[in-house]
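K.L.:
coords please:
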Amino acid sequence: MKINHTDLEDLLKKDLETCSKEHDLQQIKSKYLGKKGHVTILFSSLKDIPSEERKAFGSELNNLKQVITKLIDLKFVDIKRNREITQRLDLDTPARHHQFGSHHPISLVIRRIEKIFSNFGFETHEGPEIETEYYNFESLNIADNHPARDMHDTFYFDSNLLLRTHTSSVQIHAMENRSAPLRVLAPGRVYRCDSDPTHSPMFHQIEGLCVDTDISFSNLKWLLNDFIYKFFESKKIKTRFRPSYFPFTEPSAEMDVMFNGKWLEVLGCGMVHPNVLKNVNIDPKKYSGLAFGLGIERFAMLAYQIKDLRVFFENDINFLEQFENLRES
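P.N.:
Numbering: from 1, shown residues only. Down below sits the predicted model:
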């Protein structure tokens, strides 16, 4: 069948649409550009073209050959790419075992504590890790010459900026931005100059604050006892409160828990000092508050029976893989 050269490009495109293998594409290339191909036959017919039309016809054939060659080359590239994708995504290949990551034990404990206190109406708040002296000390009733500042071993940037030594500063931000009554839970990283098997220069705390009318120390004891029962999943666990001192609470107490026949301190707490409420324009005659603070690493060590605090920060894959199947409860 004699084919007009102007129809060859359209015919080639139709052939290429149904072609998906290199072998078939080689056949198409031979069909158009081979020794007996359509383009070759058209070139051989140049001798039969009148001389005055031969130059224009020859130029048109050269352009057509270039177009056909380019279309075939592009199809080769397309088939090769599809073959590589198919090889990478071979559906007949047996499924591989995918090793999923896990939550860090610190994250597991934080989320577990947040979940417990959220059932008591506490909302999680965050605050800056770089604080001013006002938010870290003065607003919490810790004056410039107060001896409690020496207890914190603070990292200073300059005379005013520092790495926060506790997340109590978040409570001040929350009370400034919201009016009483309120219930605040403030987890986060804190920093102090200390390092040994039970202390780290960077560690995690959760501070809790509840400000409302008629809040009493009995409310504080009930709340923390119930938290301990839920966290350790036992109502038989023994607790006790010992008198203590914190500048931002009055009265203040330490809470101990009985483990393996020994009392272990787990958190500090107390009633919010009236001066702290005054600093954020909350009337201490109308409102009272309870506050508590606990170390996440301490609770993680107790929950997972870990003896050395430093393993939390060493990124040891053998240690972290132990928590692969755990999720916050």
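K.L.:
which residues does the residue nearest to residue 217 when sequence neighbours are not counted contact?
P.N.:
Counting by CB to CB, 6 or more residues apart in numbering, residue 217 lies nearest to residue 271, which is 5.9 Å off, once chain neighbours are set aside. Yep, even glycine has a C-beta here, placed from its N, CA and C like the rest. Residue 271 makes contact with 215, 216, 217, 220, 249, 250, 251, 288, 289, 290, 291 under the criterion CB atoms under 8 Å, 6 or more residues apart in numbering.
K.L.:
now which of those would you call buried?
P.N.:
With burial judged by 16 or more other CB atoms under 10 Å, the buried subset of these is 215, 220, 249, 288, 289, 290, 291.
K.L.:
distance check, the third one against residue 300.
P.N.:
Residue 249 sits 25 Å away from residue 300, taking CB to CB, to the nearest Å as the criterion.
K.L.:
repeat for the last one
P.N.:
Here residue 291 is placed at a distance of 22 Å from residue 300 (CB to CB).
K.L.:
next up, phi/psi of residue 120, please.
P.N.:
Residue 120 adopts backbone torsions of phi -100, psi 10, taken as degrees, to the nearest 10.
K.L.:
burial count for it?
P.N.:
13 (other CB atoms under 10 Å).
K.L.:
which residue ranges of this structure form strands?
P.N.:
Under the criterion DSSP state E, the chain contains strands at 123-124, 130-132, 161-163, 182-191, 202-212, 239-246, 249-259, 262-272, 288-295.
K.L.:
save the ones you listed as TSV, and put in distance to residue 80 and mean pLDDT too.
P.N.:
Below are these laid out as TSV (distance: least, CB to CB, whole Å; pLDDT from 0 to 100):
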stretch	distance to residue 80	mean pLDDT
strand 123-124	54	94
strand 130-132	55	94
strand 161-163	57	91
strand 182-191	52	95
strand 202-212	53	95
strand 239-246	71	95
strand 249-259	66	95
strand 262-272	65	95
strand 288-295	60	96
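K.L.:
return the most buried member of those.
P.N.:
Among the strands of the chain, ranked by average contacts under mean count of other CB atoms under 10 Å, first place goes to strand 288-295 (a mean of 23).
K.L.:
which strands or helices does that strand pack on?
P.N.:
Applying 3 or more CB pairs under 8 Å, 6 or more residues apart in numbering; DSSP states H and E, we find strand 288-295 packed against helix 168-177, strand 202-212, helix 217-231, strand 262-272.
K.L.:
what is the mean pLDDT for the first one?
P.N.:
It refers to helix 168-177. What helix 168-177 shows for mean pLDDT is 94.
K.L.:
quick check: the nearest residue to residue 252 once chain neighbours are set aside vs residue 159, distance?
P.N.:
Computed as CB to CB, 6+ apart, the closest residue to residue 252 that is not its neighbour in sequence is residue 270, at 3.6 Å. Per CB to CB, residue 270 is found 30 Å from residue 159.
K.L.:
same question, residue 181
P.N.:
On the measure of CB to CB, residue 181 and residue 159 end up 36 Å apart.
K.L.:
of the contacts of residue 271, which is the nearest to residue 78?
P.N.:
Within the contacts of residue 271, the smallest distance to residue 78 is 67.8 Å, found for residue 291 (CB to CB).
K.L.:
which residues does the closest one bridge with?
P.N.:
residue 209, residue 270 (DSSP bridges).
K.L.:
quick one: end-to-end distance for stretch 241-255.
P.N.:
5 Å (CA to CA, to the nearest Å).
K.L.:
identify the residues contacting that stretch?
P.N.:
Residues outside stretch 241-255 that contact it (CB under 8 Å, 6+ apart): 140-142, 146, 148, 168, 217, 221, 224, 228, 239-240, 256, 265-274, 276, 291-292.
K.L.:
can we see that at 6 Å?
P.N.:
140-142, 148, 224, 265-271, 273, 276, 291 (CB atoms under 6 Å, 6 or more residues apart in numbering).
K.L.:
do stretch 133-148 as well
P.N.:
In contact with stretch 133-148 (CB under 6 Å, 6+ apart) are residues 160, 164, 168, 169, 172, 247, 248, 273, 275, 276, 279.
K.L.:
go with 8 Å
P.N.:
Applying CB under 8 Å, 6+ apart, the contact partners of stretch 133-148 are 149, 154, 159-160, 162, 164-166, 168-169, 172-173, 246-248, 273, 275-276, 279-280.
K.L.:
now stretch 64-82
P.N.:
Defining contact as CB under 8 Å, 6+ apart, one finds that stretch 64-82 is touched by 5, 8-9, 12-13, 16, 19-22, 25, 28-29, 32-33, 39, 42.
K.L.:
filter these down to the buried ones.
P.N.:
The neighbour count (16+ other CB under 10 Å) marks 5, 8, 12, 16, 19, 25, 28, 29, 32, 39, 42 as buried among the contacts of stretch 64-82.
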